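Q: predicted model follows, preceded by the sequence.
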Amino acid sequence: MRSCFIILQKKLFIAALLYISLFTHAFAQQSLAEAKAPILTVRDLYFKTSDHAIDALTDVNGYLEFWSVGQPDAYTQSFRISWYHEEQLYTEVYLLKGGRLVYALEEVKRMPPNHYTQSVWRCEYFIKDDRVIDYTSLGHGKTEDDAWEPESIMIQFGKRKAELEKIRK
């Protein structure tokens, strides 16, 4: 009788742990969704309203880079950089809300001259309080490298922001 009681206790304990684990996971996912919601709103506004007109041209990295700088609304700033190098078209997009980075996008399209796009790698970063809270990567690219850290986008953004500040008006 006592051994049945102990087995029942163990089963209940395991069931309770599973329940707590599932509840915690669901709560964490909900929190992530809530954190991403305003970022998705900013992203969608940018992609719906931005015309990507080229505002500046730089060559500080050894090749021509085309910059588009905008302000989708009173609180949001954007900048987009595109360049073509070694048969690949590169694009970076940075969105700032209230002066802080909230979203970044990197995209690399393999595009030899006189061909359609051969392959695409794309990574979207969702950022809150200067920390990557989530990212989505598609295709084959640097996100497959075991040494890659998603937070590296923050360093890259810092360099790009400094380059933007050096562009003469």
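A: Received the coordinates, thanks.
Q: may I ask which helix or strand of this structure has the lowest mean pLDDT?
A: Lowest on mean pLDDT, DSSP states H and E among the helices and strands of the chain sits helix 2-49, with a mean of 72.
Q: for the chain, give me the ranges with low pLDDT.
A: The chain contains residues with pLDDT under 70 at 1-30.
Q: report the contact partners of the most centrally placed residue in it.
A: The residue lying closest to the centre of the chain (Cα atoms, centre = their mean) is Tyr125, at 1.1 Å. Listed by Cβ atoms under 8 Å, 6 or more residues apart in numbering, the contact set of Tyr125 reads Tyr103, Ala104, Leu105, Glu106, Val132, Asp134, Tyr135, Pro150, Ile153. Just so you know, the C-beta spots here come from the backbone N, C-alpha and C atoms, and that holds for glycine as well.
Q: swap in Lys128?
A: Residues in contact with Lys128 (Cβ under 8 Å, 6+ apart) are Ala35, Ile39, Val102.
Q: closest one to Ala53 out of the residues you listed, please.
A: Among the contacts of Lys128, Val102 lies closest to Ala53 (Cβ to Cβ), at 22.4 Å.
Q: Glu106 contacts Gln88, doesn't it?
A: No: with contact defined as Cβ atoms under 8 Å, Glu106 does not count as touching Gln88 (11.9 Å).
Q: more neighbours: those two, which one.
A: With neighbours defined as other Cβ atoms under 10 Å, Glu106 and Gln88 compare such that Glu106 has more, 20 against 15.
Q: please report how far the more buried one lies from Gly158.
A: The gap separating Glu106 from Gly158 is 15 Å, by Cβ to Cβ, to the nearest Å.
Q: so which residues of this protein form strands?
A: 56-58, 65-73, 76-85, 88-97, 100-110, 119-128, 131-138 (DSSP state E).
Q: now those strands in CSV, with distance to Leu164?
A: Below are the strands of the chain laid out as CSV (distance: least, Cβ to Cβ, whole Å):
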stretch, distance to Leu164
strand 56-58, 8
strand 65-73, 7
strand 76-85, 6
strand 88-97, 9
strand 100-110, 12
strand 119-128, 17
strand 131-138, 21
